[in-house]
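Participant: Any chance you could fold what I've pasted below:
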Amino acid sequence: MTANFQVRLNRRDITSEEIAEDLRRVAAKLETQAITKIQYDEHGNFGATTVLRKLGSWNGALLKSGLEVANRQDISNDELFENIANVWTKIGRQPFGREVKGKSVGSLFSLATYEKRFGSWNKALLAFARYVELDSGAEESQQPSEPSRHLKVNMRRRTPRDVNWRLRAKVLIKHSCICQMCGDSPAKNPNTILHVDHILAWANGGETVEENLQTLCEKCNIGKSDQLLPDQRLLT
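Facilitator: Sure thing, here's the model as predicted:
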């Protein structure tokens, strides 16, 4: 411990890039998206004082390193819930609290953030489920979209083509993150990428509602699009 302290004091040529890399190393070691000055003093190569001297502020150093600001106060519930949905989709099943700590699942927020906000990971999941279930339908479209000149489109459509994240999450969870055509899933194959697709194409008057949406893997979704007419591919 003393030797490390002397190295920290004597070395003057540390670059910002080295510090950022070391911050990321410590975060990966601790399996968290945000680290404190105390944690870095214990596990880092340079010490929190050096980080502050080179990068100005602790939160600024974390942001420059691609990490989460530990004491950010403006995180909305919507951000936290969308992050759960993204992690759920990434791994193809309901995530455990310990899995939210790692970067491998693409989580933007740490388990501690959820525990602080909701009291526990289980309570966070229950709040997420209520949030997704409540008004997860797409917002009404103010103007009907321009129809293809080759297709008869329902001009009374009230839903936009894009699927908002809440409705997308609801459909993916409903189908257990399994492709409805081939049965592939990130839970079986981590390289699987899932899409939420219209059963009746949006170009043909299909609505963006739960009953008209299905889970498809990227391969099946592309294969389905290849079977459509050019104008249909643009609007499905």
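
Participant: ok, now how distant is the residue positioned nearest the centre of the chain from Glu211?
Facilitator: The structure's the chain has its C-alpha centroid closest to Asn86; by Cα atoms, centre = their mean the separation is 3.6 Å. Distance, Asn86 to Glu211, using Cβ to Cβ, to the nearest Å: 24 Å. Any C-beta I mention is one placed from the backbone N, CA and C, and that applies to glycine too.

Participant: Glu79 too?
Facilitator: Glu79 is 28 Å from Glu211, by Cβ to Cβ.

Participant: ok, now Gly183?
Facilitator: Gly183 sits 21 Å away from Glu211, going by Cβ to Cβ.

Participant: Over to Lys219?
Facilitator: Spatial separation of Lys219 from Glu211 under the definition Cβ to Cβ is 24 Å.

Participant: So for those two, which sits in the more crowded spot?
Facilitator: Neighbours around Lys219 and Glu211, counted as other Cβ atoms under 10 Å, are more numerous at Lys219. The numbers are 15 against 10.

Participant: so the more buried one makes contact with Cys182?
Facilitator: Yes. Here Lys219 reaches Cys182: they are 7.4 Å apart, a contact under Cβ atoms under 8 Å.

Participant: quick revisit: tell me which element the residue nearest to the centre of the chain is part of?
Facilitator: helix 77-91 (DSSP states H and E).

Participant: how far does stretch 32-49 stretch from start to finish?
Facilitator: Criterion Cα to Cα, to the nearest Å; first-to-last residue distance in stretch 32-49 is 21 Å.

Participant: again, but for stretch 194-206
Facilitator: Start and end residues of stretch 194-206 are separated by 20 Å (Cα to Cα).

Participant: and stretch 210-228, which residues are buried?
Facilitator: By 16 or more other Cβ atoms under 10 Å, the buried positions in stretch 210-228 come out as 212-217, 220-221, 224.

Participant: Now do the strands in this protein.
Facilitator: 194-198, 213-217 (DSSP state E).

Participant: ok, Leu63 - contacts?
Facilitator: Listed by Cβ atoms under 8 Å, 6 or more residues apart in numbering, the contact set of Leu63 reads Val69.

Participant: Same check on Ala27?
Facilitator: Counting by Cβ under 8 Å, 6+ apart, Ala27 makes contact with 33-35, 65, 67, 103.
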